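> below are the sequence and a predicted model for it; my questions follow.
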Amino acid sequence: MVRKTVGIVLATAVSFILFTGQAPKIKAAEDVCERNGKVANLNFTVKDINGKDVALSAFKGSVILLDFWATWCPPCKREIPGFIQLYNTYKSRGLVVLGVSVDDSTSDVQKFIKQYKMNYPVLIGNDRDDLQRAFAPMPGYPTTFVISRNGRICLQHTGFMPLEQFEQKIKALL
């Protein structure tokens with residue numbers, strides 16, 4: 001199956017070159033986001049699960065996956081293992097994954113982090129209406145943003161989205 005797919009891709013590329021006389025254009029990172037898309041407001045300092053201050057502005061220049069989630073949210077539970085995988089795979093290339101929990105109880109969040117073996121920073125977003133308004137509208141959870149190195153929001157998605165779709169966008173931005 002893989003050989004067949006690779007063969008099809010190569011045949012398509014060769015056909016394109018022969019027909020047009022030029023190589024197919026690969027999207028540049030700046031083409032992945034709308035040029036007039038919203039710039040993310042990263043001027044917030046938020047407590048992490050351990051009570052330490054985390055300045056979102058410290059992550060400027062990285063590709064950021066910013067996930068607003070809750071422990072009681074089934075689609076959140078379904079997505080988080082994929083975010084762990086993305087972080088493991090792409091952190092060395094400049095991906096930062098930040099989870100913003102909107103739970104009332106930090107002890108529930110701590111249990112969840114251990115259970116799911118979350119390896120990326122988890123921030124406390126409960127009672128941070130200012131932060132949530134800055135990224136509004138958020139019609140539900142999870143609401144996840146992919147932010148480019150230049151701070152532009154390239155993706156906003158509410159609800160479950162397959163890992164492959166997040167990965168495609170992130171790879172194009174790295």
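All right, it came through fine.
> use CA for all of it now, contacts and neighbours both
Will do.
> tell me if I'm right that Thr45 and Lys52 touch.
No: under the criterion of CA atoms under 8 Å, Thr45 is not in contact with Lys52, lying 9.7 Å apart.
> the two: who's more crowded?
Thr45 (15 against 11; other CA atoms under 10 Å).
> neighbours around the residue nearest to that one when sequence neighbours are not counted, how many?
Computed as CA to CA, 6 or more residues apart in numbering, the closest residue to Thr45 that is not its neighbour in sequence is Ala55, at 4.2 Å. A count of nearby residues for Ala55, using other CA under 10 Å, gives 14.
> now stretch 61-78: average pLDDT?
The average pLDDT for stretch 61-78 rounds to 97.
> OK, contacts around the residue nearest to Thr45?
Applying CA atoms under 8 Å, 6 or more residues apart in numbering, we find Ala55 in contact with Leu42, Asn43, Phe44, Thr45, Val46.
> got the contact list for the residue nearest to the second one when sequence neighbours are not counted?
Here the nearest residue to Asn43 in space, its sequence neighbours aside, is Ser57; by CA to CA, 6+ apart that works out to 5.7 Å. The contact partners of Ser57, taken as CA under 8 Å, 6+ apart, are Leu42, Asn43, Phe44.
> and the residue nearest the centre of the chain, bridged to which residues?
The chain has Leu65 as the residue nearest its centroid, 2.4 Å off, counting by CA atoms, centre = their mean. Going by DSSP bridges, Leu65 is paired in beta bridges with Val97, Val146.
> tell me the spacing between it and Ser105.
In this structure, Leu65 and Ser105 are 23 Å apart, going by CA to CA, to the nearest Å.
> from memory the residue nearest to the centre of the chain sits against Thr143, does it?
No: applying CA under 8 Å as the test, Leu65 and Thr143 come out as separate, 10.6 Å apart.
> quick one: contacts for Tyr109?
Actually, residue 109 is Val. It isn't Tyr. Contacts of Val109 by CA under 8 Å, 6+ apart are Ile49, Thr71, Ser101, Asp103.
> with Met118 instead?
Ile80, Pro81, Ile84.
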